[in-house]
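S.K.: no sequence for this one, just the structure:
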């Protein structure tokens with residue numbers, strides 16, 4: 001599988017982008033997110049990523065549980081990610097951040 005190829009010892013150019021696209025798709029589907037942005041901060045290998053997730057499913061949910069739900073959406077990918085930073089917002093919180 002593509003994931004097994006990515007977790008191998010040699011990292012080919014572009015694997016980080018493929019991993020980011022997979023993560024984005026899985027999070028969007030699992031959390032019915034209106035916005036998912038995944039950025040590779042690791043020079044292309046995908047081991048360090050920044051994630052922004054905007055979902056109505058975060059309404060009334062604490063930060064830790066929001067982050068756990070993101071982790072739960074990408075269990076296989078979490079095995080090869082060394083560092084992940086997340087912003088998990090409701091649509092209203094995101095809108096407020098954008099207008100600030």
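M.R.: That came through, no problem. Bear in mind that the values here come from a model prediction, so they are computed numbers and not experimental data.
S.K.: so what's residue 43 scoring on pLDDT?
M.R.: What the model reports as pLDDT for residue 43 is 80.
S.K.: Three-state assignment for it, please.
M.R.: The three-state assignment at residue 43 reads coil, by DSSP: H, G, I helix; E, B strand; the rest coil.
S.K.: Burial check on it, number of neighbours?
M.R.: When counting by other C-beta atoms under 10 Å, one arrives at 10 neighbours for residue 43. C-beta: built from backbone N, CA, C; applies to glycine.
S.K.: Phi first, then psi, for it.
M.R.: phi 60, psi 30 (degrees, to the nearest 10).
S.K.: how near is it to residue 30?
M.R.: 28 Å (C-beta to C-beta, to the nearest Å).
S.K.: for the biggest helix by length in the chain, which positions count as buried?
M.R.: Ranked by number of residues, the top helix in the chain under DSSP state H is helix 15-31. Buried residues in helix 15-31, counted by 16 or more other C-beta atoms under 10 Å: 15-16, 18-20, 22-24, 26-28, 30-31.
S.K.: which of those lies closest to residue 54?
M.R.: Ranked by distance to residue 54 (C-beta to C-beta), the buried residues of helix 15-31 are led by residue 31 at 9.2 Å.
S.K.: Now do the same contact list for the closest one.
M.R.: Counting by C-beta atoms under 8 Å, 6 or more residues apart in numbering, residue 31 touches 53, 55, 57-58, 69-70, 73.
S.K.: what about 10 Å?
M.R.: Residue 31 is in contact with 53-58, 66, 69-70, 72-73, 88, counting by C-beta atoms under 10 Å, 6 or more residues apart in numbering.
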